[in-house]
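*Asks:* Prediction below, plus the sequence it came from.
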Amino acid sequence: MTKVQIFDPAMCCSTGVCGPSVDPELTRIASAIFQLGKKGYTIDRYNLANDPGAFVENNKVNKLLHEKGTDCLPVVILNGEIVKEASYPTTEELAKWYSLEETELVEKKPLTPLQFIQIDNK
């Protein structure tokens, strides 16, 4: 079974929707992880601010942080091996790792916009 771990830099949340500006890359990866979760897959995610022990306990990540500092974050580990530094996996990479189509990891938008109906309450 595929095991993916993402070691995020220190941040207040994993979605990228907090703070003065939205980071589209954080939004994309959060959405892809959410879609994987709906399919029963799990990605372990660790935030340096909230889970510092995970960074210390993982020898590969700990070594990388000592060598390169926090600029190497996020670090992505696939089945125990570091496969990415300083960037999140692409949707294409996640799909490949989990043997899925890329379209399965993109949130479906409604085909037609929602229309509001005004109800007259007399």
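*Replies:* Received the coordinates, thanks.
*Asks:* Quick check: which ranges of the chain have low pLDDT?
*Replies:* Residue ranges of the chain with pLDDT under 70: 14-17, 19, 109-122.
*Asks:* So for it, the centremost residue is which one?
*Replies:* Per Cα atoms, centre = their mean, the C-alpha nearest to the average position across the chain is that of Ile29, at 3.7 Å.
*Asks:* How about that one, nearest residue that isn't a chain neighbour?
*Replies:* Setting aside the residues directly before and after it, Ile29 is nearest to Tyr88 in space (Cβ to Cβ, 6 or more residues apart in numbering), at 4.4 Å. C-betas here are computed from N, CA, C, even on glycine.
*Asks:* Over to that neighbour. Which of the three states is it?
*Replies:* What DSSP: H, G, I helix; E, B strand; the rest coil gives for Tyr88 is coil.
*Asks:* For burial, what's the neighbour tally of it?
*Replies:* Using other Cβ atoms under 10 Å, Tyr88 has 19 other residues around it.
*Asks:* go on, the one 3 residues further on?
*Replies:* Using other Cβ under 10 Å, Thr91 has 19 other residues around it.
*Asks:* you'd agree it is up against Ser31?
*Replies:* No. Applying Cβ atoms under 8 Å as the test, Thr91 and Ser31 come out as separate, 9.1 Å apart.
*Asks:* three-state assignment of Phe7?
*Replies:* Under the three-state scheme (three-state DSSP), Phe7 adopts strand.
*Asks:* Wait, it touches Tyr46, no?
*Replies:* Yes. Assessed by Cβ under 8 Å, Phe7 is found in contact with Tyr46 at 5.1 Å.
*Asks:* Compare neighbour counts for these two and give me the winner.
*Replies:* Taking other Cβ under 10 Å, Phe7 and Tyr46 do not tie; Phe7 has more neighbours (26 against 21).
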